[in-house]
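>>> can't give you the sequence, but here's the structure:
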């Protein structure tokens with residue numbers, strides 16, 4: 001997988017309708033140098049993922065308004081959807097039964113606050129880059145990208161600092 005094959009899909013009723021809605025968070029995503037495709041209708045979103053984005057690795061983000069287990073099961077069943085995030089600003093309690101959906105969401109990806117959402121996406125990207133660097137000629141580039149992503153987080157806790165040190169040591173060990 002190359003860095004160019006990653007795409008964010010953001011499905012939200014407010015996208016495109018309300019000026020300024022989640023703009024701060026979307027601006028941070030743009031710093032990741034990954035495209036953000038925005039949708040406000042589940043059917044057009046699903047069609048786009050299945051047809052025009054089938055060769056891309058998808059990070060799917062949605063809000064409370066589109067948290068329907070049947071729809072999310074369809075999204076989770078697509079092999080090109082790597083992770084599903086629920087931007088849960090209302091603090092709803094979600095219980096899913098589909099194992100594939102649970103695997104792609106996990107408890108850590110139902111998130112109330114924008115900084116937590118951003119941080120979790122960074123951690124997931126780092127996992128992809130680290131895994132790919134074990135199998136790729138582009139290892140150094142991927143690991144440098146992972147460090148660059150970490151540096152976009154304003155408040156790094158001890159775990160993030162340890163991840164950064166680990167990534168830098170791996171970069172230095174590569175020829």
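That came through, no problem. Remember, it's a predicted structure, so these values are computed and weren't measured experimentally. Numbering: from 1, shown residues only.
>>> need the helices for the chain, in chain order.
Taking DSSP state H to define them, one finds helices in the chain at 23-31, 42-51, 69-77, 99-105, 114-133, 139-150, 158-173.
>>> In TSV: the ones you listed, plus mean neighbour count.
Using the backbone N, CA and C atoms, a C-beta is placed for each residue, glycine as well. Formatted as TSV, the helices of the chain follow (neighbours: other C-beta atoms under 10 Å):
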stretch	mean neighbour count
helix 23-31	14
helix 42-51	15
helix 69-77	17
helix 99-105	16
helix 114-133	18
helix 139-150	20
helix 158-173	14
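>>> Of those helices, which is nearest residue 9?
Nearest of the helices of the chain to residue 9, taken as C-beta to C-beta: helix 42-51 at 6.4 Å.
>>> So which elements touch that closest one?
Helices and strands touching helix 42-51, as assessed by 3 or more C-beta pairs under 8 Å, 6 or more residues apart in numbering; DSSP states H and E, comprise strand 6-11, strand 36-39, helix 69-77.
>>> Can you spell out which helices and strands pack onto the first one?
It stands for strand 6-11. Counting contacts by 3+ C-beta pairs under 8 Å, 6+ apart, strand 6-11 is packed against strand 36-39, helix 42-51, strand 57-63.
>>> Tell me which of the helices and strands packed on helix 42-51 lies nearest to residue 141.
Each of the helices and strands packed on helix 42-51 has some distance to residue 141 by C-beta to C-beta; the shortest is strand 6-11, at 13.6 Å.
>>> what are the pairing partners of that closest one, and which direction each?
Counting by DSSP bridges, the strands paired with strand 6-11 are strand 36-39 (parallel), strand 57-63 (parallel).
>>> Quick check: buried residues in the shortest one?
Right, the one you point to is strand 36-39. Using 16 or more other C-beta atoms under 10 Å as the burial criterion, the residues of strand 36-39 that qualify are 37, 39.
>>> tell me the mean pLDDT over that strand?
When pLDDT is averaged over strand 36-39, the result is 85.
>>> so where's this structure uncertain?
Confidence mapping of the chain against pLDDT under 70 gives the ranges 1-4, 14-26, 28-34, 132-137, 175.
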